[in-house]
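> just coords:
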Ligand SMILES: [Zn+2]
């Protein structure tokens, strides 16, 4: 099926549930988790997301963790979801807290934020040490 055919099919879907069913049928196992929030330990992630979404006059929906963005179809789906208020994150970079299901950056991303924080004097609050759960979970 060509990208244009998929675009046409997507236009006919009425609800976001239909869109998710369609995505799962085309890119099986691509979406690994659907979460409501980022961990409270990383408030800037929520702020950035809200900022982006408000810029396109939408309400924040959910955070979707996915495998690689390695096909045109996945990129098309990503654009569609993004322009509906969702945010997509690679599951190589983010995972969910096993206790509360909120999204936490993995160690590689934590280190990147930490580095930026130091080199660019970035004013963001992150935990002093990385953990796979929230600090309060
Ligand atoms: Zn948690």
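Yep, it's here. Only a predicted model underlies this, so the values are computations on that prediction, with no experimental measurement involved.

> hey, let's count contacts and neighbours off CA atoms from now on
OK.

> secondary structure element for the residue nearest to the spatial centre of the chain?
For the chain, the residue sitting closest to the mean C-alpha position, by CA atoms, centre = their mean, is residue 88 at 2.8 Å. Using DSSP states H and E, residue 88 sits in strand 87-90.

> output the contacting helices and strands for the next helix-or-strand element following that strand.
Helices and strands here follow DSSP H and E; after strand 87-90, the next one along the chain is strand 94-96. Packing partners of strand 94-96 (3 or more CA pairs under 8 Å, 6 or more residues apart in numbering; DSSP states H and E): strand 103-105.

> run through the residues of this protein sitting next to the ion.
Listed as neighbours of the ion in the chain under the rule CA under 5 Å from the ion: 97, 100, 134, 137.

> hang on, the earlier thing: can you tell me the strand partners of the strand holding residue 88 and which way each runs?
strand 63-66 (parallel) (DSSP bridges).

> and stretch 60-76, how far out from the chain's middle?
8 Å (CA atoms, centre = their mean, to the nearest Å).

> hmm, I typed the wrong one, I wanted stretch 91-98.
Once both centres are worked out by CA atoms, centre = their mean, stretch 91-98 turns out to sit 10 Å from its chain's centre.

> buried sites along it?
If you call a residue buried by 16 or more other CA atoms under 10 Å, then stretch 91-98 has these buried ones: 91, 93, 94, 95, 96, 97.

> quick one: contacts of it?
32, 35, 39, 65-67, 102-109, 132-134 (CA atoms under 8 Å, 6 or more residues apart in numbering).

> mean confidence score for it?
Within the predicted structure, the mean pLDDT of stretch 91-98 is 97.

> could you do stretch 24-36 as well?
Stretch 24-36 comes out at a mean pLDDT of 94.

> residues in contact with that stretch?
Residues contacting stretch 24-36 (CA under 8 Å, 6+ apart): 61-68, 73-74, 91, 96, 101-103.

> which is the next helix or strand following the helix-or-strand element of the chain with minimal mean pLDDT?
One helix or strand of the chain scores below all others by mean pLDDT, DSSP states H and E: helix 3-11, with a mean of 89. Following helix 3-11 in sequence order, the next helix or strand is helix 16-26 (DSSP H and E).
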